[in-house]
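K.L.:
Predicted model and sequence follow; I will ask about them next.
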Amino acid sequence: MGITMKSYFKHIGFALLFVVFSCKVTAQKFTSHNVQQGETLEQVAQKYGVTIADILIYNKEIKVGQDLRPNTILVIPAKRQQAGAKLPDATYPRGGEDTKELATLQEAPIGFTSHKVRRKETLYGIAKRYNITEEDIKRYNKELYSSQLKKKMVLRIPKYKRPRPEDMELSMDSLDTYTVAPKETRWSIAHKYGITIDSLLVLNPDLSKTSDYLREGQELKVPRKPGSSIKEQETQLYRSYTVPPKMNFYQLERQFGVKAEEVVRLNPEISERGGLKEGMVIRLPERKLDPGDVNTDNYIFYEVKPKQTEFSLTRKLGIGYRELLELNPALKDGLKAGMVLKLPKTQKGNFEVRNALVLDKIDLMDSINPAVKPKVLFLLPFRLDRLNMGEKESVKEAITKRNDVKLSLGLYSGALIAVDSIAELGISVDVKTLDNELNLNKTKELLSRESLGEYNAIFGPLDALSIKETAVRASGVEVPVVAPIPVQSNISLPNVFFTYTPQHILREQMLTYMDSLVTDQNIIIIADKKNDTVQKMLLQRFPQAKVAELIEEEKNISLDLEKFVELLSPEQENWVFLETDNEKLVPSVSSILNSSNTEEVKVRMFTTNRNRAFDNEAISITHLSNLRFTYPSVSREVANNAFVKRYQERFGDVPDRFAVRGFDVMYDLLLKLAYKNDLFAISKIIGETEYAGNKFSYEKDPASGYFNQSSYIITYEEMRIKELKL
């Protein structure tokens, strides 16, 4: 068999030796260290008997060669030898070395393994698989510095003696237990304790690596704050502060949260010298942060990126550096990658905010990688089993009458235009199309024949049962499933991207928009029994609102006209919410509101859920325009843009709303895959994207997949449907 008995026993012996060696790995412990004035990275490493590389692994905001900022909280792994023992010279940067390169301090691997590159594999994916960095791989495969990763290439993969997260055991002597308060996020808590997100994850290995979710009441391990022990209270109760030019007591209070009387009491020389003087060194008490003081109700948060400067940061965030310094006093010791900065809740700039976290705007069009070749599977119900392709007239009739066929062909035709458009940018897309016939058994049959791990994404199916089946199979190989239309599911589907914004999010965004408009308007609510919950929600949001009575009989429903007229105000503009899915009620109410809308009485109509009842042909477009009917929507009207022209050239017709959606969903998917061939990873860093008639901003639910959060506010005005700018 090519292996001699001697070599066989040699391999077995090596394997047993490896097992014995592995069994000796003990749980990793941590402590924390509060940096003192003038302390260096070398001194901290020597104090705890660890290497500088050990410290840098768990404190990614610290760079070799940078001065340590006083009061920075460092996460220190368990000592390798007795504290105070001198470390080997190799752990310190020598003169003439490039101290900015972590490679000079990189721990030596304990061995290597081989990896043969497979089709569609990326350097990022391989590094993630072996729990190392891309730079680790390049360091021992020098050819990757100058050439692309190629199929069948054999890589040397370094192995390090590193503890697994599940083996980590925290030292309680230097940590506190923190209970998550309402509206808090990982970024607000990291900011509160002066650590990075990476350090927070090290201290709390049970936190999800794929979701940023925190629940109220959740307990986290955090560094013990300076001053929490008796010894620290004796030595670190106060901080020294050199008074800068033009500093006054008001600014001191804003920056450090300490009253003028307290400052004077602690520093009698201020009275003796007639007030604060430039260059004066005074004592200030350490500011205490109460739970909930730094949260999403008060602030948004930004994580500083590598190589950012004060100028680029302030330009991006739209804030002056002095104001930024007042909110984040730690900046006085310099800007460092990994720092979590807080910003005013209302701050506007060249960024987007999701869950109180500031996201960088990335231009996908300028960021694509031509070497990427996405492979996408279309799984749609074309119902070819019901079509006689030899009879053109019957096919045309089926397409016209069958909604499932019309929907599938619309989505698919629009998606094909997206494939053409991305090809012009230099990205080659491999597409395979299958007809699942709107049948679960057919879906199972088709999927059983496919090697799903070869695909970067699956577009479809459309029915809930097939979506579930596809998602379950695709989750095993970490392939995202993109649902282009609304779909309801009662199971957790963590790899599904629900592109259609859920109704509860549309409603909330509509109410938030209304909050910004409401002043002294007379608000009236018309809601049927099925929408009683919505009525209560509106009353909670607008306590001054009035409720109009409906006459609900077994087969009929109508508005009590006399009582409704009594609710109208001639002095104020009347804003009426109509919340129903009854197709008979909408035409009737819109007609009544229109007749009530006169020179003397102004009436405007709104809804938080524009459902099919509002598509009734009996509803007058003129009435809706007169009432300036306003509602939330997942899409907008499409102008005569490049997509429309390309569609007409290829298919000889104007695209319907399904074709528009197919193009937008597919183009967004392909651009993201062309930027980073991992839809899960890129969805964490990309903010809102927008195309012909739809926009997307995905938020990860801890268990149920990725949900689009974007919407439009649409209004009828002058016989046109217009998008309102938020």
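P.N.:
Nice, I can see it.

K.L.:
was I right about residue 413 contacting residue 659?
P.N.:
Yes: counting by C-beta atoms under 8 Å, residue 413 touches residue 659, with 5.2 Å between them. Glycine gets a C-beta too; all of them are placed from N, C-alpha and C.

K.L.:
Give the residues shared as contacts by these two.
P.N.:
Common contacts of residue 413 and residue 659 (C-beta atoms under 8 Å, 6 or more residues apart in numbering): residue 647.

K.L.:
hmm, who's touching the one helix or strand residue 700 maps to?
P.N.:
For residue 700, the element it lies in under DSSP states H and E is strand 698-701. Here strand 698-701 makes contact (C-beta under 8 Å, 6+ apart) with 210-213, 354-355, 497, 683-684, 706-709.

K.L.:
Equivalent analysis for stretch 708-722, please.
P.N.:
With C-beta under 8 Å, 6+ apart, stretch 708-722 has contacts from 354, 497-501, 505-506, 509-510, 513, 610, 621-622, 624-625, 627-637, 688, 690, 694-699, 723-724, 726.

K.L.:
next SSE after the lengthiest helix in the chain?
P.N.:
Ranked by residue count and defined by DSSP state H, the top helix of the chain is helix 403-423. Sequence-wise, the next helix or strand downstream of helix 403-423 (DSSP H and E) is strand 430-435.

K.L.:
Parallel or antiparallel, which strands does that next one pair with?
P.N.:
Using DSSP bridges, strand 430-435 pairs in its sheet with strand 375-380 (parallel).

K.L.:
mind saving the C-alpha coords of the partner strand as PDB?
P.N.:
Included here for strand 375-380 are C-alpha records, laid out as PDB according to Å, rounded to 0.1, in the frame of the first residue of the first chain:
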ATOM      1  CA  LYS A 375     -21.200  31.400  -8.600                       C
ATOM      2  CA  VAL A 376     -25.000  31.800  -8.100                       C
ATOM      3  CA  LEU A 377     -27.800  29.200  -8.100                       C
ATOM      4  CA  PHE A 378     -31.200  30.400  -9.300                       C
ATOM      5  CA  LEU A 379     -34.000  28.200  -7.800                       C
ATOM      6  CA  LEU A 380     -37.300  29.600  -9.000                       C
END
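
K.L.:
and that strand, how far out from the chain's middle?
P.N.:
When C-alpha coordinates are averaged (C-alpha atoms, centre = their mean, to the nearest Å), strand 375-380 and its chain have centres 25 Å apart.

K.L.:
Give me the contacts around that strand.
P.N.:
Applying C-beta under 8 Å, 6+ apart, the external contacts of strand 375-380 come out as 120, 408, 411-412, 415, 429-436, 443, 446, 450, 452, 454-462, 466, 470, 666, 669-670.

K.L.:
same check, this time on stretch 115-128
P.N.:
130, 133-134, 136-138, 144, 149-155, 157, 373, 375, 454, 456, 676-678, 681.

K.L.:
what comes up buried for that stretch?
P.N.:
Within stretch 115-128, the residues that count as buried by 16 or more other C-beta atoms under 10 Å are 115, 117, 120, 121, 122, 123, 124, 126, 127.

K.L.:
Quick one: residues contacting the residue nearest to residue 580 when sequence neighbours are not counted.
P.N.:
In space, and not counting its chain neighbours, residue 580 is closest to residue 528: 4.7 Å by C-beta to C-beta, 6 or more residues apart in numbering. Residue 528 makes contact with 550, 552, 557, 579, 580, 582, 585, according to C-beta under 8 Å, 6+ apart.

K.L.:
average model confidence for stretch 49-68?
P.N.:
Here stretch 49-68 scores 73 as its mean pLDDT.

K.L.:
How far off centre is that stretch?
P.N.:
28 Å.

K.L.:
how about the CA coordinates for that stretch, as PDB?
P.N.:
Presented in PDB, the C-alpha positions along stretch 49-68 are these (Å, rounded to 0.1, in the frame of the first residue of the first chain):
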ATOM      1  CA  GLY A  49       6.300  37.300  32.800                       C
ATOM      2  CA  VAL A  50       4.800  37.300  29.300                       C
ATOM      3  CA  THR A  51       6.100  38.400  25.900                       C
ATOM      4  CA  ILE A  52       5.100  41.600  24.100                       C
ATOM      5  CA  ALA A  53       3.500  39.400  21.400                       C
ATOM      6  CA  ASP A  54       1.300  37.800  24.100                       C
ATOM      7  CA  ILE A  55       0.000  41.200  25.100                       C
ATOM      8  CA  LEU A  56      -0.500  42.400  21.500                       C
ATOM      9  CA  ILE A  57      -2.700  39.300  20.700                       C
ATOM     10  CA  TYR A  58      -5.300  40.300  23.300                       C
ATOM     11  CA  ASN A  59      -5.000  44.100  23.000                       C
ATOM     12  CA  LYS A  60      -5.300  44.800  19.300                       C
ATOM     13  CA  GLU A  61      -5.500  48.600  19.800                       C
ATOM     14  CA  ILE A  62      -1.900  48.600  21.100                       C
ATOM     15  CA  LYS A  63       0.900  48.800  18.500                       C
ATOM     16  CA  VAL A  64       4.600  48.100  18.900                       C
ATOM     17  CA  GLY A  65       6.600  51.300  19.300                       C
ATOM     18  CA  GLN A  66       3.600  53.400  20.500                       C
ATOM     19  CA  ASP A  67       3.600  54.900  24.000                       C
ATOM     20  CA  LEU A  68       1.100  53.400  26.300                       C
END
